[in-house]
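1. requesting a structural model of the entry that follows:
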Amino acid sequence: MNNEVFHGTTILALRHKDSVVVAGDGQVTLGNVVTKHKARKVRRIYNDKIIVGFAGATADALTLSEKLEKKLERYNGNLTRACVELARDWRTDKYLRRLEAMMIAADKDNTYLLSGNGDVIEPDDGVISIGSGSTAAQSAAVALLENTELNSINIVEKAMKIAADLCIYTNHHIVVEEL
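-> Below you'll find the model as predicted:
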């Protein structure tokens, strides 16, 4: 089991009607075994002003979260600057380059996807996702956004349920945070 890879998560962020919602499921899988059902992959940082969600190796994701919080402190809560600086460090630092995780970070004004390739991506339509169930979650969220009058939390919850129904690495234990 030592060479097995941890799989699975779905993180979804939606910016709609003056709110931003980030949700993540709780499943952690090692090979073909579910090892945890209620992992918390979405949390608030920087005095509860920023929501982060992560996919990938847990220790790596927590390292990235800590590094982002340090950047936020250095740049007085400027999420854009903190994300750009973290992505630059992540891409160029020997240690950070080995981290196997992706992150979504959102504040009241901005939402970004960060990756080890140096990506800092802001979604065009206010919806972005990462992880194994990301395609299902994002597709469902866009469809609900365009075809219903649901509020942000209900859209995200329904989209995450759809992803959990389809993706074997995503479960129905959903953590939702809203700004």
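2. now do the nearest residue to G116 once chain neighbours are set aside, the pLDDT please.
-> With Cβ to Cβ, 6 or more residues apart in numbering as the criterion, G116 has its nearest non-adjacent residue at 5.3 Å, and that residue is W90. C-beta: built from backbone N, CA, C; applies to glycine. On pLDDT, W90 comes in at 85.
3. for the helix or strand hosting W90, name the packing helices and strands.
-> With secondary structure defined by DSSP states H and E, W90 is part of helix 79-92. In terms of contacts (3 or more Cβ pairs under 8 Å, 6 or more residues apart in numbering; DSSP states H and E), helix 79-92 is packed against helix 58-74, helix 94-97, strand 101-106, strand 111-114, strand 120-121.
4. mind checking which of these is nearest L179?
-> strand 101-106 (6.9 Å; Cβ to Cβ).
5. can you tell me the strand partners of the closest one and which way each runs?
-> Using DSSP bridges, the strands paired with strand 101-106 are strand 50-56 (antiparallel), strand 111-114 (antiparallel).
6. grab the nearest non-local neighbour of V84.
-> Excluding the flanking residues, the one nearest V84 by Cβ to Cβ, 6+ apart is V120, at 5.5 Å.
7. just the CA atoms of stretch 34-51, as PDB, please.
-> This file holds the C-alpha atoms of stretch 34-51, laid out as PDB (Å, rounded to 0.1, in the frame of the first residue of the first chain):
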ATOM      1  CA  VAL A  34     -12.100   4.800   0.800                       C
ATOM      2  CA  THR A  35      -9.900   5.700   3.800                       C
ATOM      3  CA  LYS A  36     -11.800   8.700   5.000                       C
ATOM      4  CA  HIS A  37     -15.300  10.000   4.500                       C
ATOM      5  CA  LYS A  38     -15.300  13.400   6.200                       C
ATOM      6  CA  ALA A  39     -12.100  15.100   5.300                       C
ATOM      7  CA  ARG A  40     -12.300  18.900   5.400                       C
ATOM      8  CA  LYS A  41     -10.900  20.300   2.100                       C
ATOM      9  CA  VAL A  42     -12.600  23.700   2.200                       C
ATOM     10  CA  ARG A  43     -11.700  26.200   4.900                       C
ATOM     11  CA  ARG A  44     -11.500  29.800   5.800                       C
ATOM     12  CA  ILE A  45      -8.100  31.600   6.200                       C
ATOM     13  CA  TYR A  46      -6.800  35.100   6.800                       C
ATOM     14  CA  ASN A  47      -9.300  36.200   9.500                       C
ATOM     15  CA  ASP A  48     -12.200  34.300   7.700                       C
ATOM     16  CA  LYS A  49     -11.900  36.700   4.700                       C
ATOM     17  CA  ILE A  50     -10.600  34.100   2.200                       C
ATOM     18  CA  ILE A  51     -12.000  30.600   1.400                       C
END
